[in-house]
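Asks: what's the 3D shape of this:
(2 chains)
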Amino acid sequence: MKGLTKRSDDFAGWYTDVILKAELADYAPTRGCMVIRPYGFGLWENMVVQLDRMIKETGHQNAYFPLLVPESFFQQESEHVEGFSPECAVVTHGGGKKLEENLMVRPTSETVICSMYAKWIQSYRDLPVLINQWANVFRWELRPRLFLRTTEFLWQEGHTAHATEAEAEDETLKMLDVYRVFAEEYMAIPVIPGPKTESEKFPGALRTYTIEGMMGDGKALQMGTSHNLGQNFSKAFNINFQTREGLREFVWQTSWGMSTRTVGAIVLVHGDDKGLVMPPRLAPYQSVIIPIWKDEAERAAVLPCVDQASKSLQGVRCKVDDREQYGLGWKFSEWEVKGVPLRVEIGPKDAASRQAVVVRRDTGAKQAIPLDRLGDEVRTLLGTIQREMFERAAAFREQQTRRVDEYETLKRVAAEEGGFIHAHWCGSAACEATIKEETKNTIRCLPLHRERESGRCVSCGAPSDGRVIFAQAY
RNA sequence: CGGGGCGUAGCGCAGUCCGGUUUAGCGCGCCUGCUUUGGGAGCAGGAGGUCGGUGGUUCAAAUCCACUCGCCCCGACCA
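Replies: Below you'll find the predicted structure:
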């Protein structure tokens, strides 16, 4: 692709170029906002279809709550207000008049939803409440980046209410695992699930769990979060219920979200110098057929083969690129930057031998496949690509991960190598802050299934019983 | 919000320092026609601009000055 910044030259510039040239998105006239273009939205829609299915399969129902939240509602949970106020947009006027009460544009929907839950929940028989909504939210970010951090973004936010603390914790972890499976099996991105530290948790939550992925430059990206809200919101919004025993209790809540940011993760993890590489299970087009001919005779020979190929690819999201105004090189480059997993070329030579030339986007590997086996082979190849993309990402993460025991080493690795650093940490916010200050690395999470290992905090030397993950984050 | 950079045709840029043969150019793209097609095709013709905005200096401003708006990159805050 001409004009595409090399990934190794300037990773950030490359990222922006890929998104623009692949036509995933474009800058909007509104500051900090972007337009998700049809190709990018097609990817998001495929993600939505799968994630939505998984959310429903775990017993949740979709609903929709309003974009605007009365300021007074928003202010009911103190930690929540403190965390979100700086990044909220506020509506002060409506219908040409100053409003009696300001309306917050939701940065997340806990408060409106809780106000409704207070109304809907009376008895233990009303529990659990398992609701999800697909929505847009606004966070006034100071430094926007396409997909990764935009003022408005799309996401899914689940909000549940339970009778017991244990049930809420189960729900929190269950949805975290839904995210893990989605990231690994659909996005082909290995992630590390685990709780956030106190300083990194969601404002108002008891505990926040995250799935952390490693991007192609070794930096970490939080790809989804699941919060155990405890009774913080139910107390603030008075969401109580009568137990079987006749007692009044506050519900235990969770919330969890995954956003369009993850589209950025797909670019950052799988992309290369030619552009995007789409994981087959989410790709808007899984294959593109490019017919080749230079006169009517060849066209007549090739077209039936294209039809046959196209028919044999039933069930594969396939596009036939028969645009005549573009040359072959142009088409190849275009579908490469867009990351279509498989390119199927059919020209006169192929037509003569009843075959197609199939080229993998991820490896560039090229092979001739007889037309009568094309459907099966393509389906198999798509599976192989999906699996190998995950394996490559996992191998890369492995290669960019260090175990470090000395603070000096941590500093050096953080400065010179980047990537994930597994190190001991005593659990104090002070050490966490010092390390962040001095190395730009933050604790991404305490891996859920980390091995018990006694050691000493890299910062203060106090005892620790397991390693945490440090990394520079997006 | 701090530091840096950039706003000139749809996109990418030159011209700005040192104001004046500049009628504001170039490449790509776009439109018309013909020829082309196994890795970004060729020829011919054509359309397209309040030089980000406002104000100032001057006989004369894309060019100098002031203010302003917007965007990008790097930090602090965040999904």
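Asks: what's the first-to-last distance across stretch A:310-317?
Replies: 10 Å (CA to CA, to the nearest Å).
Asks: whoops, stretch A:198-215 was the one
Replies: In stretch A:198-215, first residue to last residue: 24 Å (CA to CA).
Asks: check which residues of that stretch are buried.
Replies: Residues A:200-215 are the ones in stretch A:198-215 that count as buried (16 or more other CB atoms under 10 Å). Placement of C-beta: from N, CA and C, glycine included.
Asks: what do you get for stretch A:67-87?
Replies: A:67, A:69-71, A:73-77, A:80-81, A:83-84.
Asks: who's in contact with it?
Replies: For stretch A:67-87, contacts defined as CB atoms under 8 Å, 6 or more residues apart in numbering pick out A:88, A:90-91, A:101-112, A:115, A:135-136, A:139-141, A:202-204, A:232-233, A:236-237.
Asks: and these, which of them are buried?
Replies: A:88, A:102-112, A:115, A:135, A:139-140, A:202-204, A:232-233, A:236-237.
Asks: ok, back up a step: identify, from the buried residues of stretch A:198-215, the entry nearest to RNA strand B.
Replies: residue A:202 (5.7 Å; CB to the nearest atom of the strand).
Asks: contacting residues for the residue in the stretch 351-474 of chain A that RNA strand B sits nearest to?
Replies: The nearest approach of the stretch 351-474 of chain A to RNA strand B comes at residue A:357, 3.9 Å away (CB to the nearest atom of the strand). The contact partners of residue A:357, taken as CB under 8 Å, 6+ apart, are A:344-347, A:350, A:366-369.
Asks: host element of it?
Replies: strand A:355-360 (DSSP states H and E).
Asks: go on, residue A:103?
Replies: Assigned by DSSP H and E, residue A:103 falls in strand A:97-105.
Asks: run the chain-centre distance for that strand.
Replies: With CA atoms, centre = their mean, to the nearest Å as the basis, strand A:97-105 stands 33 Å off its chain's centre.
Asks: for that strand, which strands pair with it and how are they oriented?
Replies: Here strand A:97-105 is paired, per DSSP bridges, with strand A:68-70 (antiparallel), strand A:89-94 (antiparallel).
Asks: least reliable of the ones you listed by average pLDDT, please.
Replies: Comparing mean pLDDT over the strands paired with strand A:97-105, the weakest stretch is strand A:89-94, at a mean of 86.
Asks: residues contacting that strand, please?
Replies: A:68, A:71, A:98-99, A:102-105, A:138, A:140, A:151.
Asks: helices of chain A, start to end?
Replies: Using DSSP state H, the helices found in chain A span residues A:11-21, A:38-57, A:71-74, A:78-84, A:110-120, A:165-181, A:232-236, A:261-270, A:296-312, A:328-337, A:348-352, A:374-399, A:407-416, A:429-439.
Asks: enumerate the residues of the stretch 251-400 of chain A near RNA strand B.
Replies: Residues of the stretch 251-400 of chain A lying near RNA strand B by CB under 7 Å from any atom of the strand: A:257, A:259-261, A:292-295, A:324-325, A:327-330, A:332-334, A:336-337, A:345-351, A:357, A:359.
Asks: out of the buried residues of stretch A:198-215, list just those in strands.
Replies: A:207-214 (DSSP state E).
Asks: still on that earlier bit, out of the buried ones among the contacts of stretch A:67-87, who's near RNA strand B?
Replies: Counting by CB under 7 Å from any atom of the strand, the members of the buried ones among the contacts of stretch A:67-87 near RNA strand B are A:139, A:202.
Asks: what's the pLDDT at the nearest residue to residue A:222 once chain neighbours are set aside?
Replies: Distance criterion CB to CB, 6 or more residues apart in numbering; nearest residue to residue A:222, sequence neighbours excluded, is residue A:210 at 5.1 Å. Note for residue A:210: predicted pLDDT of 96.
Asks: which residues does residue A:210 contact?
Replies: Residue A:210 touches A:176, A:193-196, A:222-226, A:444-445, counting by CB under 8 Å, 6+ apart.
Asks: quick revisit: next, give me the two most distant ones among the contacts of residue A:357.
Replies: A:347 and A:367 (15.1 Å; CB to CB).
Asks: who has more neighbours out of the two?
Replies: residue A:347 (19 against 12; other CB atoms under 10 Å).
Asks: sorry, back to before: and which of the contacts of strand A:89-94 is nearest residue A:54?
Replies: residue A:138 (26.1 Å).
Asks: contacting residues around the residue lying closest to the closest one once chain neighbours are set aside?
Replies: Computed as CB to CB, 6+ apart, the closest residue to residue A:138 that is not its neighbour in sequence is residue A:105, at 4.5 Å. Shown in contact with residue A:105 (CB under 8 Å, 6+ apart): A:67-69, A:88-91, A:138.
Asks: for residue A:105, give its distance to residue A:338.
Replies: Distance, residue A:105 to residue A:338, by CB to CB, to the nearest Å: 33 Å.
Asks: picking that back up, and the ones in strands among the buried residues of stretch A:198-215 near RNA strand B, which?
Replies: With CB under 7 Å from any atom of the strand as the criterion, these include residue A:210 near RNA strand B.
Asks: now render the ones in strands among the buried residues of stretch A:198-215 as CSV, adding distance to residue A:467.
Replies: CSV is the format used below for those (distance: CB to CB, whole Å):
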residue, distance to residue A:467
A:207, 19
A:208, 19
A:209, 17
A:210, 16
A:211, 18
A:212, 14
A:213, 18
A:214, 16
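Asks: report the mean per-residue pLDDT for stretch A:46-62.
Replies: Stretch A:46-62 shows an average pLDDT of 98 in the prediction.
Asks: quick one: that stretch near RNA strand B?
Replies: No - figure legend: stretch A:46-62 not in contact with RNA strand B (CB under 7 Å from any atom of the strand); closest approach 13.6 Å.
Asks: buried ones in that stretch?
Replies: For stretch A:46-62, a neighbour-count test (16+ other CB under 10 Å) marks A:46-48, A:50-51, A:54-55, A:60 as buried.
Asks: pull the CA atoms of that stretch into CSV?
Replies: Only the C-alpha atoms of stretch A:46-62 are listed here, as CSV (Å, rounded to 0.1, in the frame of the first residue of the first chain):
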residue,chain,number,x,y,z
ASN,A,46,-19.9,-9.0,13.5
MET,A,47,-18.5,-8.5,16.9
VAL,A,48,-21.8,-7.4,18.3
VAL,A,49,-23.6,-10.4,16.8
GLN,A,50,-21.2,-12.8,18.6
LEU,A,51,-20.9,-11.0,21.9
ASP,A,52,-24.7,-10.3,22.0
ARG,A,53,-25.3,-14.0,21.5
MET,A,54,-22.9,-14.9,24.3
ILE,A,55,-24.5,-12.4,26.6
LYS,A,56,-27.9,-13.8,25.9
GLU,A,57,-26.7,-17.4,26.3
THR,A,58,-25.6,-16.4,29.8
GLY,A,59,-29.2,-15.4,30.6
HIS,A,60,-29.2,-11.7,30.0
GLN,A,61,-31.8,-9.6,28.2
ASN,A,62,-31.2,-6.4,26.3
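Asks: and it, how far from the chain's centre?
Replies: That offset, for stretch A:46-62, works out to 15 Å (CA atoms, centre = their mean).
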